[in-house]
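Trainee: After the sequence you'll find the predicted model.
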Amino acid sequence: MKLSTTSYIVLGLLDQRGEATPYDLKGMVEASIGNFWSVPHSQLYAEPARLAKAGYVSEKRERTGRRRRHYSLTASGRRALAEWREGPTDQMPELRDLSLLKVFFGGDAAQLAAAQRAAHERKLDYYRALLADDTGSGPRGPWRTLRAGVSHEREWVRFWSALEKGEEP
């Protein structure tokens, strides 16, 4: 079975959590990687069952109530995640920004800039508030990606601020 990026996201989240339902995975994505990686909810509900069928995760089903499915990593899933995590990549990120698309096609940059600057300032404030909880202990990966988000948002604030003032960024 070929593993997709969504497969590795599910394996990585299960590695962090130990055990989770698809609903738990959805909440984990929204609270973390959803800030920089889009994952359709439908994939988070379907992928664990696919991974279980291939032996990368194990599945336990509740006997009563809602009969939710709980998934956890198997040794095979841990190995696959470790191999993927350690493999280098030179893949560039895809940027899909509606305001940039409008600017590209001649939209009024100054008019678009005010709303974008404000949106990026809100996100920057949100990220900075999250960073305030960093004790310097525990896994560093989430904090490193959060710092990348802060840098990213700072640059967008600078870019849109310049356009808002009629300057070239």
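Mentor: Received, thanks.
Trainee: residues of stretch 56-64 that come out buried?
Mentor: Within stretch 56-64, the residues scored as buried using 16 or more other C-beta atoms under 10 Å are Tyr56, Val57, Ser58. Using the backbone N, CA and C atoms, a C-beta is placed for each residue, glycine as well.
Trainee: Then stretch 41-49?
Mentor: In terms of neighbour count (16+ other C-beta under 10 Å), stretch 41-49 has its buried residues at Gln43, Leu44, Glu47, Pro48.
Trainee: tell me the SS of the last one?
Mentor: Secondary structure of Pro48, reduced to three states by DSSP: H, G, I helix; E, B strand; the rest coil: helix.
Trainee: quick one, what contacts it?
Mentor: Pro48 sits next to Val10, Pro22, Leu25, Val57, Glu59, Arg69, Tyr71 when contact means C-beta atoms under 8 Å, 6 or more residues apart in numbering.
Trainee: In helices, which of those residues fall?
Mentor: Using DSSP state H, the members of the contacts of Pro48 that fall in helices are Val10, Pro22, Leu25.
Trainee: would you turn these into TSV with distance to Ala115, pLDDT and neighbour count?
Mentor: What follows is these, written out as TSV (distance: C-beta to C-beta, whole Å; pLDDT from 0 to 100; neighbours: other C-beta atoms under 10 Å):
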residue	distance to Ala115	pLDDT	neighbour count
Val10	35	96	31
Pro22	35	94	20
Leu25	32	94	23
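Trainee: Is Leu14 in contact with Leu73, as I believe?
Mentor: Yes - here Leu14 reaches Leu73: they are 4.9 Å apart, a contact under C-beta atoms under 8 Å.
Trainee: returning to what we had before: and of the contacts of Pro48, the nearest to Pro142?
Mentor: Nearest to Pro142, judged by C-beta to C-beta, of the contacts of Pro48 is Leu25 at 15.7 Å.
Trainee: and the closest one, what is it in contact with?
Mentor: Residues counted as contacts of Leu25 (C-beta under 8 Å, 6+ apart) are Val10, Leu13, Leu14, Leu44, Pro48.
Trainee: could you redo the last one with a cut-off of 10 Å?
Mentor: Leu25 makes contacts with 9-10, 13-14, 17, 39, 41, 43-45, 47-48, 71, as judged by C-beta atoms under 10 Å, 6 or more residues apart in numbering.
Trainee: what's the spacing between it and Arg122?
Mentor: Per C-beta to C-beta, to the nearest Å, Leu25 is found 26 Å from Arg122.
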